[in-house]
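Novice: Here's my sequence, what's the structure:
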Amino acid sequence: AMKVLVLGTPGQLGHELMRASWPIGVSLAGVGHPDFDMSLEKDVLRVVAEYDPNLVINATAYTAVDKAEKEPELAFAVNRDGPRFLAQDCARRGIPVIHVSTDYVFDGTKDGWYVEEDPIAPLNVYGASKAAGELEIREIWHRHVILRTTWVYAAHGTNFVKKMLHLGAERETLSVVADQYGAPTAAADLAATITSVVAHIAQGGKAWGTYHATGSGETTWHGFAEHIFQRLEQETGRRPILHAITTDNYPTPARRPKNSRLDCTKLKNNFDIVLPHWQKSLDRVIDELFALSSRQERRS
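Specialist: Numbering: from 1, shown residues only. Okay, the predicted model is just below:
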């Protein structure tokens, strides 16, 4: 039997991890806010001691990208110091750690797709704090799997899909950035990837290291929004007019990479995992959201 502890259960990924199908023999426990604060060493030590797991998954992060520019101390406390405390504790216990990171460790200037070994050069505080967290884990404890992902969304939590459905139902026109490239990743697909990685480790696999794990295919935020609004029109008959704009037309406190395309070949080669095409997973999550909202309407 294998006891797995998930840190960060209220988040999109934590939520999906708790409802994923796990291999036989895996027992799951999860902790998160407000009972647990990743930035406090005493909290990290307390929950790992309390649950005494065979493996820990860190699904917590400070993810408010623009807000991080104003509160770097907090972003670094959660995204760098927390992973350090966790890696130190897991190293002492001799248990593996799975950690989730981001495309924002790169500056987005590369042509084509980023591979795991490409040099990191974060453009913003959030990216710098996540890069620092990766580094802590790599330096402290070799038995780790770091998964970098992009544009995560789910039916649960705060994300681009829910925001667009909300705005699309209210507004006549919307402008969305069309010159940042990447792949939307459903939190459920990332959770399924993690369950496969855990199964691999449980069977004695030792493919430690850093991997890219995103939805297959590519698009822009504008292309992502377009697909969401096609579905909104099918369901409700409503479709806002969508304007394509450039990053320069839409200044934000944090600079964002223009190219967030991550090459996931290494994940396929080492674990035989390929995430579904982003449109297929997006349809599934939108179906779930429409089902949830019709249930709520029936209740009210």
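
Novice: Arg299 - how many residues pack around it?
Specialist: 6 (other CB atoms under 10 Å). Quick note: C-beta positions are derived from backbone N, CA and C, even for glycine.

Novice: correction: Glu136
Specialist: Close neighbours of Glu136, defined as other CB under 10 Å, add up to 20.

Novice: Give the buried residues for the lengthiest helix in the chain.
Specialist: Longest helix in the chain, counting residues (DSSP state H): helix 278-299. Buried residues in helix 278-299, counted by 16 or more other CB atoms under 10 Å: Trp278, Gln279, Ser281, Leu282, Val285, Ile286, Leu289, Phe290.

Novice: again, but for stretch 199-216
Specialist: So, applying 16+ other CB under 10 Å, buried residues of stretch 199-216: Ala199, His200, Ile201, Ala202, Trp208, Thr210, Tyr211, His212, Ala213, Thr214, Gly215, Ser216.

Novice: Redo those as a markdown table? Include distance to Ser21.
Specialist: Listed next are those as a markdown table, based on distance: CB to CB, whole Å:
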| residue | distance to Ser21 |
| --- | --- |
| Ala199 | 11 |
| His200 | 15 |
| Ile201 | 17 |
| Ala202 | 14 |
| Trp208 | 24 |
| Thr210 | 26 |
| Tyr211 | 21 |
| His212 | 23 |
| Ala213 | 18 |
| Thr214 | 21 |
| Gly215 | 19 |
| Ser216 | 21 |
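
Novice: mind listing which of those residues are in strands?
Specialist: Taking DSSP state E, the ones among the buried residues of stretch 199-216 that sit in strands are Thr210, Tyr211, His212.

Novice: Just give the number of residues close to the nearest residue to Ala128 once chain neighbours are set aside.
Specialist: Nearest residue to Ala128, sequence neighbours excluded (CB to CB, 6 or more residues apart in numbering): Pro122, at 4.4 Å. If you count neighbours by other CB under 10 Å, Pro122 ends up with 19.

Novice: can you tell me which residue is nearest the centre of the chain?
Specialist: Val152 (4.9 Å; CA atoms, centre = their mean).

Novice: I'd say that one and Ala191 touch.
Specialist: No: shown here, Val152 and Ala191 do not form a contact pair, counting by CB atoms under 8 Å, at 10.4 Å.

Novice: which neighbours do those two share?
Specialist: Common contacts of Val152 and Ala191 (CB atoms under 8 Å, 6 or more residues apart in numbering): Leu13.

Novice: Could you find the closest non-adjacent residue to Thr210?
Specialist: Excluding the flanking residues, the one nearest Thr210 by CB to CB, 6+ apart is Ile146, at 4.4 Å.

Novice: what does Asp179 give?
Specialist: Closest residue to Asp179 apart from its sequence neighbours, by CB to CB, 6+ apart: Thr246 at 5.0 Å.

Novice: would CSV of the buried residues of stretch 199-216 with distance to Arg299 and pLDDT be doable?
Specialist: Formatted as CSV, these follow (distance: CB to CB, whole Å; pLDDT from 0 to 100):
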residue, distance to Arg299, pLDDT
Ala199, 38, 96
His200, 42, 95
Ile201, 42, 96
Ala202, 41, 94
Trp208, 47, 98
Thr210, 45, 98
Tyr211, 42, 98
His212, 41, 98
Ala213, 36, 98
Thr214, 36, 98
Gly215, 32, 98
Ser216, 36, 98
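
Novice: For Met164, state which of these is nearest.
Specialist: Of all these, Met164 sits closest to Gly215, with 16.3 Å by CB to CB.

Novice: Please state the offset of the lowest-mean-pLDDT helix or strand in the chain from the chain centre?
Specialist: Every helix and strand in the chain was compared by mean pLDDT, DSSP states H and E; the lowest is helix 278-299, with a mean of 91. Relative to its chain's centre, helix 278-299 lies at 20 Å (CA atoms, centre = their mean, to the nearest Å).

Novice: Test my guess that Arg284 contacts Asp189.
Specialist: No: Arg284 is beyond contact range of Asp189, at 9.3 Å (criterion: CB under 8 Å).

Novice: what about the stretch 101-250 of the chain, any weak spots by pLDDT?
Specialist: Judged against pLDDT under 70, the stretch 101-250 of the chain has no low-scoring part.

Novice: Which other helices and strands does the helix or strand where Lys163 lies contact?
Specialist: Assigned by DSSP states H and E, Lys163 belongs to helix 160-170. On a contact count with 3 or more CB pairs under 8 Å, 6 or more residues apart in numbering; DSSP states H and E, helix 160-170 meets strand 152-153, strand 173-177, helix 221-236, helix 278-299.
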